[in-house]
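Chemist: this is a predicted model, with the sequence first.
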Amino acid sequence: MKAVVLTGIRDMEICDLPEPKIEKADEVLLKIEKVGVCGSDVHYYETGRIGSQVVKFPFIVGHECAATVVAVGDNVKRLKAGDRVVVDPAISCSKCDQCLAGRKNTCRNLKFLGCPGQTSGCLCEYIVMPQESCFSVSTDFSFERGVLCEPLAIGLYAVKQAKLKEGANIAILGAGPIGLSCLVCSRYRNVGKSFVTDKISERITVAQNGGASWTGNPDKQDIIAEILKQQPDGVDAVFECAGQQETMDQAIEILKPGGKLMLIGIPREDRVTFVIDKMRRKELTVVNVRRQNEVTQECIDLVGTDKIDVDFMITHRFAPEQSKEAFELVANYSDGVVKALIEF
(Lines give C-alpha, C1' and ligand atoms only; values in the text may rest on other atoms or scores of the structure.)
Protein backbone atom coordinates (compact mmCIF):
# COMPACT_ATOMS: atom_id res chain seq x y z
CA MET A 1 0.00 0.00 0.00
CA LYS A 2 0.98 3.64 -0.41
CA ALA A 3 2.00 5.36 2.84
CA VAL A 4 3.32 8.82 3.68
CA VAL A 5 6.19 8.19 6.08
CA LEU A 6 7.89 10.70 8.37
CA THR A 7 11.58 9.91 7.83
CA GLY A 8 13.17 12.77 9.79
CA ILE A 9 12.58 16.29 11.07
CA ARG A 10 10.55 18.09 8.37
CA ASP A 11 11.13 15.19 5.99
CA MET A 12 8.50 12.90 4.43
CA GLU A 13 8.56 10.21 1.76
CA ILE A 14 6.00 8.13 -0.12
CA CYS A 15 6.70 4.45 0.54
CA ASP A 16 5.19 1.11 -0.45
CA LEU A 17 4.39 -0.95 2.64
CA PRO A 18 2.56 -4.25 3.20
CA GLU A 19 -1.19 -3.90 3.56
CA PRO A 20 -2.27 -4.55 7.18
CA LYS A 21 -4.30 -7.69 7.97
CA ILE A 22 -7.16 -8.39 10.34
CA GLU A 23 -5.70 -10.43 13.22
CA LYS A 24 -8.47 -10.25 15.85
CA ALA A 25 -12.15 -11.09 15.58
CA ASP A 26 -13.26 -7.58 16.55
CA GLU A 27 -11.08 -5.76 14.01
CA VAL A 28 -12.03 -3.89 10.85
CA LEU A 29 -9.89 -3.31 7.75
CA LEU A 30 -10.38 0.24 6.50
CA LYS A 31 -9.53 1.99 3.26
CA ILE A 32 -8.58 5.54 4.18
CA GLU A 33 -10.40 8.17 2.12
CA LYS A 34 -9.38 11.50 3.66
CA VAL A 35 -6.99 12.57 6.42
CA GLY A 36 -6.87 15.87 8.29
CA VAL A 37 -3.57 17.52 9.18
CA CYS A 38 -3.68 18.30 12.91
CA GLY A 39 -1.41 20.57 14.94
CA SER A 40 -0.19 17.60 16.97
CA ASP A 41 0.86 15.83 13.75
CA VAL A 42 2.80 18.97 12.86
CA HIS A 43 4.58 18.91 16.25
CA TYR A 44 6.01 15.49 15.32
CA TYR A 45 6.88 16.79 11.86
CA GLU A 46 8.67 19.88 13.19
CA THR A 47 10.34 18.57 16.33
CA GLY A 48 9.92 14.77 16.39
CA ARG A 49 8.20 14.83 19.75
CA ILE A 50 5.41 16.03 22.02
CA GLY A 51 6.70 15.98 25.58
CA SER A 52 7.78 12.43 26.43
CA GLN A 53 6.37 11.03 23.17
CA VAL A 54 9.36 10.86 20.84
CA VAL A 55 9.25 9.63 17.25
CA LYS A 56 11.50 6.79 16.14
CA PHE A 57 11.92 7.28 12.41
CA PRO A 58 10.51 6.10 10.07
CA PHE A 59 6.97 6.66 11.37
CA ILE A 60 3.48 7.23 9.95
CA VAL A 61 1.61 10.13 11.56
CA GLY A 62 -2.04 11.17 11.25
CA HIS A 63 -5.15 10.48 13.33
CA GLU A 64 -8.04 12.46 11.82
CA CYS A 65 -9.63 10.28 9.15
CA ALA A 66 -12.73 8.94 7.47
CA ALA A 67 -12.73 5.60 5.69
CA THR A 68 -14.58 2.82 3.90
CA VAL A 69 -14.87 -0.65 5.41
CA VAL A 70 -13.06 -3.28 3.31
CA ALA A 71 -13.44 -6.35 5.53
CA VAL A 72 -14.48 -7.24 9.08
CA GLY A 73 -13.49 -9.82 11.68
CA ASP A 74 -15.76 -12.70 12.70
CA ASN A 75 -17.14 -10.93 15.78
CA VAL A 76 -17.94 -7.64 14.05
CA LYS A 77 -21.73 -7.39 13.79
CA ARG A 78 -22.61 -3.73 13.20
CA LEU A 79 -20.32 -3.03 10.23
CA LYS A 80 -19.95 -4.57 6.78
CA ALA A 81 -17.81 -4.09 3.69
CA GLY A 82 -18.71 -0.88 1.88
CA ASP A 83 -19.85 1.06 4.97
CA ARG A 84 -18.59 4.59 5.46
CA VAL A 85 -17.10 5.24 8.89
CA VAL A 86 -15.81 8.04 11.06
CA VAL A 87 -12.76 6.83 12.97
CA ASP A 88 -12.15 7.58 16.64
CA PRO A 89 -8.32 7.39 16.79
CA ALA A 90 -8.26 6.33 20.43
CA ILE A 91 -8.12 2.64 21.36
CA SER A 92 -8.82 2.10 25.06
CA CYS A 93 -8.45 -1.14 27.00
CA SER A 94 -11.91 -0.99 28.69
CA LYS A 95 -10.41 -2.77 31.72
CA CYS A 96 -8.28 -0.31 33.73
CA ASP A 97 -9.51 1.87 36.58
CA GLN A 98 -9.88 4.88 34.26
CA CYS A 99 -11.99 3.04 31.69
CA LEU A 100 -14.16 1.51 34.41
CA ALA A 101 -14.65 5.00 35.87
CA GLY A 102 -15.94 6.29 32.51
CA ARG A 103 -12.67 8.01 31.61
CA LYS A 104 -11.57 6.18 28.48
CA ASN A 105 -9.71 9.29 27.33
CA THR A 106 -7.22 8.78 30.18
CA CYS A 107 -7.03 4.99 29.81
CA ARG A 108 -3.86 3.62 31.41
CA ASN A 109 -3.21 1.50 28.32
CA LEU A 110 -4.45 3.89 25.65
CA LYS A 111 -3.22 3.48 22.10
CA PHE A 112 -3.70 6.35 19.69
CA LEU A 113 -3.29 6.56 15.93
CA GLY A 114 -0.06 8.27 14.94
CA CYS A 115 1.30 8.45 18.48
CA PRO A 116 4.91 7.29 19.00
CA GLY A 117 5.19 4.13 21.06
CA GLN A 118 1.47 3.38 20.63
CA THR A 119 0.42 2.80 17.02
CA SER A 120 1.28 4.15 13.59
CA GLY A 121 -0.99 6.70 11.97
CA CYS A 122 -3.55 6.85 9.19
CA LEU A 123 -1.59 8.74 6.54
CA CYS A 124 -1.70 5.64 4.35
CA GLU A 125 -4.12 3.69 2.20
CA TYR A 126 -5.23 1.06 4.73
CA ILE A 127 -5.39 0.64 8.50
CA VAL A 128 -6.91 -1.87 10.90
CA MET A 129 -8.97 -0.63 13.85
CA PRO A 130 -11.20 -2.27 16.47
CA GLN A 131 -14.92 -2.14 15.78
CA GLU A 132 -15.37 0.11 18.81
CA SER A 133 -13.40 2.90 17.08
CA CYS A 134 -15.49 2.84 13.89
CA PHE A 135 -18.73 4.83 13.68
CA SER A 136 -20.96 4.09 10.71
CA VAL A 137 -22.43 7.04 8.79
CA SER A 138 -24.89 7.33 5.91
CA THR A 139 -23.80 7.42 2.27
CA ASP A 140 -24.68 11.12 2.06
CA PHE A 141 -22.40 11.94 5.03
CA SER A 142 -19.28 13.25 3.28
CA PHE A 143 -15.83 11.94 4.12
CA GLU A 144 -14.73 15.54 4.70
CA ARG A 145 -17.34 15.95 7.43
CA GLY A 146 -16.21 12.61 8.79
CA VAL A 147 -12.66 13.89 9.19
CA LEU A 148 -13.86 17.02 10.99
CA CYS A 149 -15.82 15.01 13.55
CA GLU A 150 -12.54 14.24 15.35
CA PRO A 151 -11.54 17.86 16.16
CA LEU A 152 -15.22 18.73 16.63
CA ALA A 153 -15.46 16.05 19.32
CA ILE A 154 -12.64 17.75 21.23
CA GLY A 155 -14.47 21.07 21.01
CA LEU A 156 -17.77 19.57 22.17
CA TYR A 157 -16.09 17.72 25.03
CA ALA A 158 -14.31 20.92 26.12
CA VAL A 159 -17.56 22.88 26.12
CA LYS A 160 -19.26 20.16 28.14
CA GLN A 161 -16.37 20.06 30.62
CA ALA A 162 -16.71 23.83 31.13
CA LYS A 163 -20.26 23.24 32.45
CA LEU A 164 -21.40 26.70 31.44
CA LYS A 165 -24.79 28.13 32.21
CA GLU A 166 -26.91 29.25 29.29
CA GLY A 167 -25.95 32.81 28.34
CA ALA A 168 -22.43 32.58 29.79
CA ASN A 169 -19.84 34.76 28.08
CA ILE A 170 -16.69 33.11 26.76
CA ALA A 171 -13.41 33.82 25.01
CA ILE A 172 -11.62 31.51 22.60
CA LEU A 173 -7.92 32.22 22.16
CA GLY A 174 -6.73 30.62 18.93
CA ALA A 175 -9.07 30.19 15.95
CA GLY A 176 -7.67 27.04 14.43
CA PRO A 177 -9.85 23.94 13.97
CA ILE A 178 -10.06 23.25 17.72
CA GLY A 179 -10.90 26.85 18.60
CA LEU A 180 -13.51 26.99 15.86
CA SER A 181 -14.92 23.68 17.08
CA CYS A 182 -15.26 25.20 20.55
CA LEU A 183 -16.99 28.19 18.95
CA VAL A 184 -19.63 26.27 17.03
CA CYS A 185 -20.27 23.89 19.93
CA SER A 186 -20.61 26.69 22.47
CA ARG A 187 -23.02 28.52 20.16
CA TYR A 188 -25.04 25.32 19.84
CA ARG A 189 -25.24 25.20 23.63
CA ASN A 190 -26.46 28.81 23.75
CA VAL A 191 -23.61 30.80 25.25
CA GLY A 192 -23.89 34.58 25.38
CA LYS A 193 -21.07 36.59 23.84
CA SER A 194 -18.11 34.80 22.27
CA PHE A 195 -14.82 36.70 21.93
CA VAL A 196 -12.36 35.03 19.53
CA THR A 197 -8.73 35.98 18.90
CA ASP A 198 -6.04 34.87 16.47
CA LYS A 199 -2.92 36.33 14.86
CA ILE A 200 -3.91 35.20 11.37
CA SER A 201 -6.30 37.61 9.68
CA GLU A 202 -7.88 34.92 7.49
CA ARG A 203 -8.75 32.89 10.60
CA ILE A 204 -10.35 35.96 12.11
CA THR A 205 -12.59 36.15 9.07
CA VAL A 206 -13.44 32.45 9.37
CA ALA A 207 -14.34 32.94 13.06
CA GLN A 208 -16.61 35.83 12.12
CA ASN A 209 -18.33 33.62 9.57
CA GLY A 210 -18.62 30.95 12.25
CA GLY A 211 -20.66 33.27 14.47
CA ALA A 212 -18.16 34.93 16.82
CA SER A 213 -19.61 37.97 18.61
CA TRP A 214 -16.27 39.80 18.46
CA THR A 215 -12.86 39.02 16.99
CA GLY A 216 -9.44 40.51 17.55
CA ASN A 217 -5.80 40.15 16.56
CA PRO A 218 -3.34 40.44 19.50
CA ASP A 219 -0.60 41.59 17.09
CA LYS A 220 -2.69 44.59 16.06
CA GLN A 221 -4.64 45.57 19.18
CA ASP A 222 -4.77 45.19 22.94
CA ILE A 223 -7.24 42.32 23.05
CA ILE A 224 -7.33 42.33 26.87
CA ALA A 225 -8.44 45.96 26.97
CA GLU A 226 -10.87 45.48 24.10
CA ILE A 227 -12.58 42.47 25.68
CA LEU A 228 -12.77 44.06 29.15
CA LYS A 229 -14.14 47.23 27.59
CA GLN A 230 -17.09 45.22 26.33
CA GLN A 231 -17.20 42.82 29.27
CA PRO A 232 -15.98 44.85 32.29
CA ASP A 233 -16.54 42.03 34.80
CA GLY A 234 -14.63 39.54 32.66
CA VAL A 235 -15.77 36.37 30.91
CA ASP A 236 -17.04 33.17 32.48
CA ALA A 237 -14.68 30.84 30.64
CA VAL A 238 -11.67 30.98 28.35
CA PHE A 239 -10.91 28.19 25.90
CA GLU A 240 -7.14 28.36 25.39
CA CYS A 241 -6.59 26.69 22.03
CA ALA A 242 -3.20 28.05 20.96
CA GLY A 243 -0.89 26.34 23.46
CA GLN A 244 1.04 29.58 23.97
CA GLN A 245 2.30 31.28 27.15
CA GLU A 246 0.95 34.54 25.77
CA THR A 247 -2.60 33.29 25.47
CA MET A 248 -2.53 31.71 28.93
CA ASP A 249 -1.49 35.06 30.38
CA GLN A 250 -4.29 36.80 28.46
CA ALA A 251 -6.79 34.27 29.80
CA ILE A 252 -5.92 35.07 33.42
CA GLU A 253 -6.50 38.77 32.77
CA ILE A 254 -9.91 38.48 31.08
CA LEU A 255 -11.48 35.82 33.31
CA LYS A 256 -13.92 36.98 35.96
CA PRO A 257 -13.53 35.75 39.56
CA GLY A 258 -14.68 32.15 39.73
CA GLY A 259 -14.07 31.72 36.01
CA LYS A 260 -12.72 28.65 34.23
CA LEU A 261 -9.59 28.34 32.14
CA MET A 262 -9.96 25.43 29.72
CA LEU A 263 -6.53 24.31 28.53
CA ILE A 264 -6.89 22.61 25.15
CA GLY A 265 -3.92 23.77 23.04
CA ILE A 266 -0.74 21.68 23.18
CA PRO A 267 2.33 23.77 24.10
CA ARG A 268 5.64 22.98 22.42
CA GLU A 269 7.39 23.65 25.74
CA ASP A 270 7.55 21.15 28.60
CA ARG A 271 6.53 23.80 31.15
CA VAL A 272 4.23 26.84 31.26
CA THR A 273 3.67 29.40 34.04
CA PHE A 274 0.73 31.23 35.56
CA VAL A 275 0.48 34.47 37.52
CA ILE A 276 -0.54 32.71 40.70
CA ASP A 277 -1.43 35.91 42.59
CA LYS A 278 -4.20 36.77 40.14
CA MET A 279 -5.30 33.15 39.79
CA ARG A 280 -5.57 32.79 43.56
CA ARG A 281 -7.34 36.09 44.17
CA LYS A 282 -9.85 35.34 41.42
CA GLU A 283 -10.19 31.72 42.58
CA LEU A 284 -9.92 30.53 39.00
CA THR A 285 -10.45 26.91 38.02
CA VAL A 286 -8.04 25.35 35.53
CA VAL A 287 -9.33 22.37 33.55
CA ASN A 288 -7.07 20.31 31.32
CA VAL A 289 -8.91 18.87 28.34
CA ARG A 290 -7.55 15.50 27.25
CA ARG A 291 -8.85 14.87 23.74
CA GLN A 292 -12.49 13.76 24.07
CA ASN A 293 -14.55 11.19 25.89
CA GLU A 294 -17.55 9.40 24.36
CA VAL A 295 -18.92 12.27 22.26
CA THR A 296 -18.05 11.11 18.73
CA GLN A 297 -21.53 9.76 17.99
CA GLU A 298 -23.13 12.96 19.29
CA CYS A 299 -20.91 14.97 16.94
CA ILE A 300 -21.92 12.77 14.00
CA ASP A 301 -25.57 13.29 14.86
CA LEU A 302 -25.20 17.06 15.19
CA VAL A 303 -23.29 17.42 11.93
CA GLY A 304 -25.55 14.98 10.09
CA THR A 305 -28.67 16.96 11.03
CA ASP A 306 -26.98 20.30 10.24
CA LYS A 307 -27.31 21.49 13.83
CA ILE A 308 -23.60 22.27 13.74
CA ASP A 309 -21.77 23.49 10.64
CA VAL A 310 -18.18 22.36 10.14
CA ASP A 311 -17.75 22.64 6.37
CA PHE A 312 -16.40 26.21 6.56
CA MET A 313 -13.26 25.01 8.36
CA ILE A 314 -11.79 23.22 5.33
CA THR A 315 -9.50 25.57 3.41
CA HIS A 316 -6.97 23.34 1.58
CA ARG A 317 -6.87 19.94 -0.10
CA PHE A 318 -3.82 17.90 -1.14
CA ALA A 319 -2.88 14.58 -2.72
CA PRO A 320 -0.68 12.16 -0.73
CA GLU A 321 2.32 13.15 -2.86
CA GLN A 322 1.82 16.73 -1.61
CA SER A 323 1.83 15.78 2.09
CA LYS A 324 5.09 17.60 2.84
CA GLU A 325 3.64 20.72 1.24
CA ALA A 326 0.51 20.34 3.36
CA PHE A 327 2.50 19.94 6.57
CA GLU A 328 4.70 22.92 5.75
CA LEU A 329 1.60 24.99 5.08
CA VAL A 330 0.10 24.12 8.47
CA ALA A 331 3.43 24.44 10.30
CA ASN A 332 3.95 27.95 8.93
CA TYR A 333 0.28 29.01 9.19
CA SER A 334 0.53 29.98 5.53
CA ASP A 335 -2.16 31.06 3.09
CA GLY A 336 -4.82 31.43 5.78
CA VAL A 337 -4.93 27.68 6.40
CA VAL A 338 -7.48 26.42 8.89
CA LYS A 339 -7.91 22.74 8.05
CA ALA A 340 -5.89 20.99 5.36
CA LEU A 341 -7.03 17.62 4.05
CA ILE A 342 -5.03 14.91 2.31
CA GLU A 343 -7.18 12.89 -0.08
CA PHE A 344 -6.34 9.27 -0.86
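Modeler: Arrived safely.

Chemist: and the helices in the stretch 1-150 of the chain?
Modeler: When secondary structure is read from DSSP state H, counting those that start in this stretch, the stretch 1-150 of the chain shows helices at 39-47, 97-100, 143-162.

Chemist: okay, those in JSON lines with distance to E325 next?
Modeler: C-betas here are computed from N, CA, C, even on glycine. Output for the helices of the stretch 1-150 of the chain, formatted as JSON lines (distance: least, C-beta to C-beta, whole Å):
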{"stretch": "helix 39-47", "distance to E325": "12"}
{"stretch": "helix 97-100", "distance to E325": "39"}
{"stretch": "helix 143-162", "distance to E325": "18"}
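
Chemist: where do the strands sit along the stretch 201-344 of the chain?
Modeler: With DSSP state E, counting those that start in this stretch as the criterion, the stretch 201-344 of the chain has strands at 214-216, 235-240, 255-263, 285-288, 314-318, 339-343.

Chemist: for those, which one ends up most surrounded?
Modeler: Among these, the stretch with the highest mean neighbour count (mean count of other C-beta atoms under 10 Å) is strand 235-240, at a mean of 27.

Chemist: parallel or antiparallel, list what pairs with the helix or strand of the chain with the lowest mean pLDDT.
Modeler: Taking mean pLDDT, DSSP states H and E as the measure, strand 49-50 is the helix or strand of the chain with the lowest mean score, a mean of 92. In the sheet, strand 49-50 lines up against strand 53-54 (antiparallel) (DSSP bridges).

Chemist: and for the least confident helix or strand of the chain, what are the contacting residues?
Modeler: S40, H43, Y44, V55, P116, I266 (C-beta atoms under 8 Å, 6 or more residues apart in numbering).

Chemist: between the residues you listed, which has the most around it?
Modeler: The most neighbours of any of these, using other C-beta atoms under 10 Å, belong to Y44, which has 24 neighbours.

Chemist: and the pLDDT at that residue?
Modeler: As predicted, Y44 sits at a pLDDT of 96.

Chemist: try the one 10 residues further on
Modeler: In the prediction, the pLDDT value recorded for V54 is 95.

Chemist: my guess is it contacts Y44. True?
Modeler: No - using C-beta atoms under 8 Å, V54 is not in contact with Y44; the gap is 9.1 Å.

Chemist: overlap in contacts, those two.
Modeler: P116.

Chemist: low-confidence ranges, this protein, go.
Modeler: Within the chain, not a single segment meets pLDDT under 70.

Chemist: domains in it, by residue range?
Modeler: Here the chain is described, according to automatic domain parsing, as comprising the domains 2-140+310-343, 152-288.

Chemist: mind putting the ones you listed into a markdown table with distance to L302?
Modeler: Below are these laid out as a markdown table (distance: least, C-beta to C-beta, whole Å):
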| stretch | distance to L302 |
| --- | --- |
| domain 2-140+310-343 | 9 |
| domain 152-288 | 7 |
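
Chemist: of all those domains, which lies closest to G304?
Modeler: Among the domains of the chain, domain 2-140+310-343 comes nearest to G304, with 7.0 Å by C-beta to C-beta.

Chemist: gap between the two ends of that closest one?
Modeler: Separation of the first and last residues of domain 2-140+310-343 by C-alpha to C-alpha, to the nearest Å is 12 Å.

Chemist: from the chain's centre, how far out does it sit?
Modeler: With C-alpha atoms, centre = their mean, to the nearest Å as the basis, domain 2-140+310-343 stands 12 Å off its chain's centre.

Chemist: and for stretch 234-249?
Modeler: Its chain's C-alpha centre and that of stretch 234-249 lie 17 Å apart, by C-alpha atoms, centre = their mean.

Chemist: please identify which of the strands of the stretch 201-344 of the chain is closest to S92.
Modeler: Nearest to S92 among those is strand 285-288; the distance by C-beta to C-beta comes to 18.1 Å.

Chemist: pretty sure E144 sits against L341.
Modeler: Yes - judged on C-beta under 8 Å, E144 makes contact with L341 at a distance of 6.4 Å.

Chemist: between these two, what contacts are shared?
Modeler: Common contact partners of E144 and L341 (C-beta under 8 Å, 6+ apart): K34, I314.

Chemist: can you give me the helices for the stretch 151-300 of the chain?
Modeler: Assignment of helices within the stretch 151-300 of the chain using DSSP H, counting those that start in this stretch yields the ranges 177-188, 201-209, 223-230, 245-254, 276-282, 296-304.

Chemist: tell me which of those sits most buried.
Modeler: With a mean of 26, the top stretch among these by mean neighbour count (mean count of other C-beta under 10 Å) is helix 177-188.

Chemist: now the angle from that one to strand 235-240?
Modeler: Using axes from the mean of the first three to the mean of the last three C-alpha atoms, to 10 degrees, the direction of helix 177-188 lies 150 degrees away from that of strand 235-240.

Chemist: tell me which strands and helices helix 177-188 is in contact with?
Modeler: Other elements packing on helix 177-188 under the criterion 3 or more C-beta pairs under 8 Å, 6 or more residues apart in numbering; DSSP states H and E are helix 143-162, strand 170-173, strand 194-197, helix 201-209, strand 235-240.
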